[in-house]
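Enquirer: no sequence on hand, only this structure:
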């Protein structure tokens, strides 16, 4: 069944309430003052990496210990998730992830090397975002309809970059191809950064990724976002229509960003990090930067993030099953 939207006002109230506990002074540091490591499953320079590095400083200030971002790039976040599973459950190793690693990989891989419900625990969520279709600067189209016309003029076939194989962007490309009767080939990359490099170099005419991946180059005119997922247009780029407005309904449910820890991490450690995250995103400068990156910022407790992850997984399990995709 479809995800129920979580109101931004509720998120804000919840986050500010949690942040109020420690606002103005560091939260209790971890017992032995060891650094906190945030695993990121994608290369430096991508949207997820930028978000992790933005949050690291306010988390450090709130926790009173160093916070280090460690990139474990590869396999759509699979390597980072496996590293989280192997980490000690003491609150010093976290995974900052969006939906792909936590919700999608277990649906498309026979043996991803981890089971989210068994191996991880949700710490807290801090935002939702949307995926989008963007066109490279050398592609003359200015809309989704014009892109379809342009592809037909090229013989009906075109490559569309995606940040990882068997991902939401891949299934979106497949749906676009089917609805528009085009031969669109999803070209997987090891994260959004190398995909963006090829788009900016006009090596591929289009790509599907998250708004944080595209927004700066969209604003600079180096590429053009022509459609976004979700039920409404995004505040960061209100000129861009939703896929439904562009004639491709079915992509209204939106993914999440959150922090995850190894299973059996003590509740006190989870609450400490969750309160630090709430405090971090309550800072106007942090909230404004995340919003400018295309995120809808809002605090989700451990329980709220878990509920959202389960509901999102259920929706995409149906979409993936209906696509005929077989786990690999």
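Expert: Structure received. Since the model is a prediction, treat every value here as computed from it, not as a measurement.
Enquirer: pull the longest helix from the chain.
Expert: Across the chain, the longest stretch assigned as helix under DSSP state H is helix 302-323.
Enquirer: that one packs against which elements?
Expert: Contacts defined by 3 or more Cβ pairs under 8 Å, 6 or more residues apart in numbering; DSSP states H and E place helix 302-323 against helix 99, helix 105-108, strand 120-128, helix 168-180, strand 256-262. Yep, even glycine has a C-beta here, placed from its N, CA and C like the rest.
Enquirer: can you list contacts of the second one?
Expert: This means helix 105-108. The contact list for helix 105-108, computed with Cβ atoms under 8 Å, 6 or more residues apart in numbering, reads 76-78, 81, 112, 114-116, 166-167, 313, 316-317, 320, 325, 327-328.
Enquirer: the stretch 101-250 of the chain: strands as residue ranges?
Expert: Taking DSSP state E, counting those that start in this stretch, the strands of the stretch 101-250 of the chain run over residues 120-128, 131-136, 157-162, 183-188, 206-210, 223-228.
Enquirer: in CSV: these, plus distance to residue 255, mean neighbour count and mean pLDDT.
Expert: Listed next are those as CSV, based on distance: least, Cβ to Cβ, whole Å; neighbours: other Cβ atoms under 10 Å; pLDDT from 0 to 100:
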stretch, distance to residue 255, mean neighbour count, mean pLDDT
strand 120-128, 7, 25, 97
strand 131-136, 7, 26, 97
strand 157-162, 14, 21, 97
strand 183-188, 18, 17, 96
strand 206-210, 8, 27, 95
strand 223-228, 12, 24, 97
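Enquirer: follow-up on the earlier one: now for the helices and strands packed on helix 302-323, which one comes closest to residue 274?
Expert: Ranking those by their distance to residue 274 (criterion: Cβ to Cβ) puts strand 120-128 first, at 3.9 Å.
Enquirer: partners of the closest one, with directions?
Expert: strand 256-262 (antiparallel), strand 296-300 (antiparallel) (DSSP bridges).
Enquirer: and stretch 307-322, what's its mean pLDDT?
Expert: Per-region confidence: stretch 307-322 scores 90 on mean pLDDT.
Enquirer: list the buried ones in that stretch?
Expert: The neighbour-count check on stretch 307-322 (16 or more other Cβ atoms under 10 Å) flags 307-309, 311-313, 316, 319-320 as buried.
Enquirer: if anything else comes up later, I'll come back, but that's it for now.
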